[in-house]
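Show me how the following folds:
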Amino acid sequence: MALITSLITGVKTKDEQLFKEMGARIAQARKARGLTQVQLAEQLGIAQQTLAHYEGGRLRLPVPTLLALATELKVSVTELIGESAALPHKPGPVSRLQRQVEQISRLPRSKQKLASDLLDTVLAQG
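Residues are numbered from 1 along each chain as shown. Sure thing, here's the model as predicted:
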């Protein structure tokens with residue numbers, strides 16, 4: 001049954017808690033900005049039902065959408081994904097990668113998508 005559920009929802013069992021927690025943080029940030037799901041979905045260019053699935057942790061959140069959410073909600077990506085899911089904490093200055101992710105989150109959506117596509121290409125090459 002879990003396999004059928006994961007196929008339908010797009011979230012594997014081991015990832016369920018992570019996505020539920022991230023969805024709750026997205027909903028909390030949206031409400032703190034005084035936005036409805038409909039309003040935020042329109043700003044993101046997605047269906048309200050899709051946003052509801054992200055907030056419920058029932059659907060994987062694409063990186064470009066995560067970046068756009070952080071931008072629209074005026075929060076960091078780390079705030080949305082949660083400190084425990086973020087890169088391991090190292091004492092000292094913020095890592096270069098963390099700074100780059102934050103910078104990308106402030107770019108227009110088209111440039112965020114380009115950055116995400118480039119990263120996907122590099123990662124696919126191993």
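
Quick check: which element contains the residue nearest the centre of the chain?
Nearest to the geometric centre of the chain sits L66, at 2.8 Å (C-alpha atoms, centre = their mean). Using DSSP states H and E, L66 maps to helix 63-73.

got the CA coordinates for that helix in CSV?
C-alpha atoms of helix 63-73 as CSV (Å, rounded to 0.1, in the frame of the first residue of the first chain):
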residue,chain,number,x,y,z
VAL,A,63,14.1,23.4,-6.8
PRO,A,64,13.0,26.3,-9.0
THR,A,65,9.7,26.4,-7.1
LEU,A,66,11.4,26.2,-3.8
LEU,A,67,13.6,29.2,-4.8
ALA,A,68,10.5,31.1,-6.1
LEU,A,69,8.7,30.3,-2.8
ALA,A,70,11.5,31.7,-0.7
THR,A,71,11.6,34.8,-2.9
GLU,A,72,7.8,35.4,-2.8
LEU,A,73,7.6,34.7,1.0
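
If you average the pLDDT over it, what comes out?
Throughout helix 63-73, pLDDT has a mean value of 93.

and the helix or strand just after it, what other elements does it pack with?
Sequence order places helix 77-81 as the next helix or strand after helix 63-73, per DSSP H and E. Identification of packing neighbours for helix 77-81 by 3 or more C-beta pairs under 8 Å, 6 or more residues apart in numbering; DSSP states H and E yields helix 16-32, helix 63-73, helix 96-105. Every C-beta, even on glycine, is put in place using the N, C-alpha and C of the backbone.

and among those, the most buried is which?
Most buried of the helices and strands packed on helix 77-81, by mean neighbour count (mean count of other C-beta atoms under 10 Å): helix 63-73, with a mean of 21.
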